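A structural model of the following input is requested.
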Amino acid sequence: MAAVGGVTEEQMNDGVLADMMAELDAELARAEASLPEHPEQTRQTEVMRALALGLGNFERMRAHDVHLLAARLSPRRG
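Modelled structure (predicted):
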């Protein structure tokens, strides 16, 4: 590998890759601004709320409500 101005091709590629990753991270942060900062804590809070309601209340929930609760508790897929 030839060094250009004291910088190797591998170092240039690493810099380009780091820049691309920073751009992607910034883009994802803009697109997912509504996501909580700590999703695991949020999920645990939702579980604790559900348990506080009592398991008997789940029997009275509509199927749609159960689906929404399950969606909130499931891990997000990217």
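
drop to CA atoms for contacts and neighbour counts, all remaining ones
Will do.

off-centre distance for whichever strand or helix holds Arg30?
Here Arg30 sits within helix 9-31, counting by DSSP states H and E. In terms of Cα atoms, centre = their mean, to the nearest Å, the centre of helix 9-31 is found 18 Å from the chain centre.

check which helices and strands the helix or strand just after that helix sits against.
Using DSSP H and E, the helix or strand that follows helix 9-31 in sequence is helix 39-53. Counting by 3 or more Cα pairs under 8 Å, 6 or more residues apart in numbering; DSSP states H and E, the packing neighbours recorded for helix 39-53 are helix 63-73.

list the buried residues of the helix it packs on.
Neighbour-count burial for helix 63-73, counted by 16 or more other Cα atoms under 10 Å, picks out Leu73.

what packs against that helix?
helix 39-53.

ok, now with 10 Å
helix 39-53, helix 55-60 (3 or more Cα pairs under 10 Å, 6 or more residues apart in numbering; DSSP states H and E).

what's the closest of these to Glu9?
helix 39-53 (39.0 Å; Cα to Cα).

list the buried residues of the closest one.
If you call a residue buried by 16+ other Cα under 10 Å, then helix 39-53 has these buried ones: Arg43.

helix 63-73 and that helix, what's the angle between them?
Interaxial angle, helix 39-53 versus helix 63-73 (axes from the mean of the first three to the mean of the last three Cα atoms, to 10 degrees): 140 degrees.

show the average pLDDT along helix 39-53.
Helix 39-53 carries an average pLDDT of 79.

check stretch 14-26 too.
Here stretch 14-26 scores 83 as its mean pLDDT.

contact partners of that stretch?
Applying Cα atoms under 10 Å, 6 or more residues apart in numbering, the contact partners of stretch 14-26 are Thr8, Glu9, Glu10, Gln11, Met12, Asn13, Glu27, Leu28, Ala29, Arg30, Ala31, Glu32.

what subset of those is buried?
Among the contacts of stretch 14-26, none scores as buried (criterion: 16+ other Cα under 10 Å).

for Glu40, state which of those residues is nearest.
Nearest to Glu40 among those is Glu32, at 15.9 Å by Cα to Cα.

what separation is there between Leu16 and Leu68?
Careful, residue 16 is Val and not Leu. The gap separating Val16 from Leu68 is 41 Å, by Cα to Cα, to the nearest Å.
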